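Undergrad: 3D model of this:
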Amino acid sequence: MARRITLNLPEGAGPQDAARLQGYVEEMPMDVVLSGLEFARARWRLQDSGALRVGRRGIVEGEVHAVTTEQARWRLDNWKIMVADYRRRGYSYPTICRIKKKLRERAG
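TA: You can find the predicted model right below:
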């Protein structure tokens, strides 16, 4: 039994956006759609409040946040391996240099 809902779309939304949204809802199970919307809402709230760091600063902090002094030394000693790993993840060289700077601070 299908049910119909009515949505008020924002000013900039066009008919293509409504069709995409309808396609997502029809294609996926409802629990998946709702969990995705919950995640998106929580992320939007964090980003809107300024608590979510997206971009280079967040990447650098994420890479160095939980690293111990010994782990920082190991990463610096095996820097070529780490650069290859960071490049595989799509990090730019300026981001990698900032990570290295933070690791040096952490290593002492």
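Undergrad: longest helix in the chain, please.
TA: Ranked by residue count and defined by DSSP state H, the top helix of the chain is helix 30-49.
Undergrad: after that helix comes which helix or strand?
TA: helix 56-64 (DSSP states H and E).
Undergrad: that following helix packs against which elements?
TA: helix 93-107 (3 or more Cβ pairs under 8 Å, 6 or more residues apart in numbering; DSSP states H and E). In short, each C-beta sits where N, CA and C put it, glycine included.
Undergrad: okay, buried residues for the helix it packs on please.
TA: T95, I96, R98, I99, K100, K102, L103, R106, A107 (16 or more other Cβ atoms under 10 Å).
Undergrad: and for stretch 66-74?
TA: Buried, per 16+ other Cβ under 10 Å, within stretch 66-74: V67, A72, R73, W74.
Undergrad: got those as a markdown table, with distance to L7 columns?
TA: What follows is the buried residues of stretch 66-74, written out as a markdown table (distance: Cβ to Cβ, whole Å):
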| residue | distance to L7 |
| --- | --- |
| V67 | 45 |
| A72 | 49 |
| R73 | 54 |
| W74 | 52 |
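Undergrad: of these, which belong to helices?
TA: A72, R73, W74.
Undergrad: any chance of CSV for those residues, columns distance to I59 and pLDDT?
TA: Shown next, in CSV, are those (distance: Cβ to Cβ, whole Å; pLDDT from 0 to 100):
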residue, distance to I59, pLDDT
A72, 17, 93
R73, 21, 95
W74, 20, 95
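Undergrad: alright, I will stop here.
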